[in-house]
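> Have a look at this prediction, sequence included:
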Amino acid sequence: MPRNTEGFMEEYMLGHDGISVGCGFPEEKRVAISYRDCDDVKDIEVQDVLLKFTGRMVKVSVDLRMICTGKKVALGVILEEKEDADFITRGIRICEIDVPGKQKCQLTNFLVDDFCFYLPDWSPCVPRTFRVCIVAHYIN
């Protein structure tokens with residue numbers, strides 16, 4: 001995220017078009033629609049709409065290799081962002097997984113997906129660096 005955000009978050013109305021601007025990106029456009037007595041369908045095309053850039057999303061999938069069937073696994077996904085020389089934790093997702101299969105310890109691979117992290121962001125042009133840390137262990 002940008003370090004100097006002074007004046008960056010100002011939100012204001014432009015002219016009489018009803019276009020609201022936040023962070024320098026138009027985020028809203030209003031168009032008036034009127035129906036006459038017998039009208040029931042209107043085809044409306046709204047042009048030149050730009051989305052306000054509100055963030056990024058990271059989706060993480062974890063492929064657990066050579067785990068025992070019939071066991072329960074605790075799985076944690078930690079998302080960290082590099083800031084200067086340090087890494088700052090931005091999000092943590094955890095879950096318990098029952099590994100399908102017989103109680104005998106047969107080894108299998110298991111995919112756990114859709115760990116989602118939303119990252120607020122004010123500009124798509126500012127580079128950001130992340131790392132993902134995985135913590136997994138048996139809990140039974």
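Sure, I can see it. Numbering: from 1, shown residues only.
> Against which helices or strands is the helix or strand encompassing L75 packed?
Using DSSP states H and E, L75 sits within strand 72-83. Counting by 3 or more Cβ pairs under 8 Å, 6 or more residues apart in numbering; DSSP states H and E, the packing neighbours recorded for strand 72-83 are strand 55-68, strand 86-98, strand 107-120, strand 130-138. For every residue, glycine as well, the C-beta is placed using N, CA and C.
> Relative to it, what are the paired strands and their orientations?
Using DSSP bridges, strand 72-83 pairs in its sheet with strand 86-98 (antiparallel), strand 130-138 (antiparallel).
> would you turn those into TSV with mean pLDDT and distance to D113?
Output for the strands paired with strand 72-83, formatted as TSV (pLDDT from 0 to 100; distance: least, Cβ to Cβ, whole Å):
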stretch	mean pLDDT	distance to D113
strand 86-98	95	11
strand 130-138	95	13
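> can you redo these as a markdown table with mean neighbour count?
Output for the strands paired with strand 72-83, formatted as a markdown table (neighbours: other Cβ atoms under 10 Å):
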| stretch | mean neighbour count |
| --- | --- |
| strand 86-98 | 13 |
| strand 130-138 | 12 |
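> Can you say which of those is nearest to R56?
strand 130-138 (9.4 Å; Cβ to Cβ).
> What are the contacting residues of the closest one?
58, 60, 62, 64, 68, 71-82, 87, 90 (Cβ atoms under 8 Å, 6 or more residues apart in numbering).
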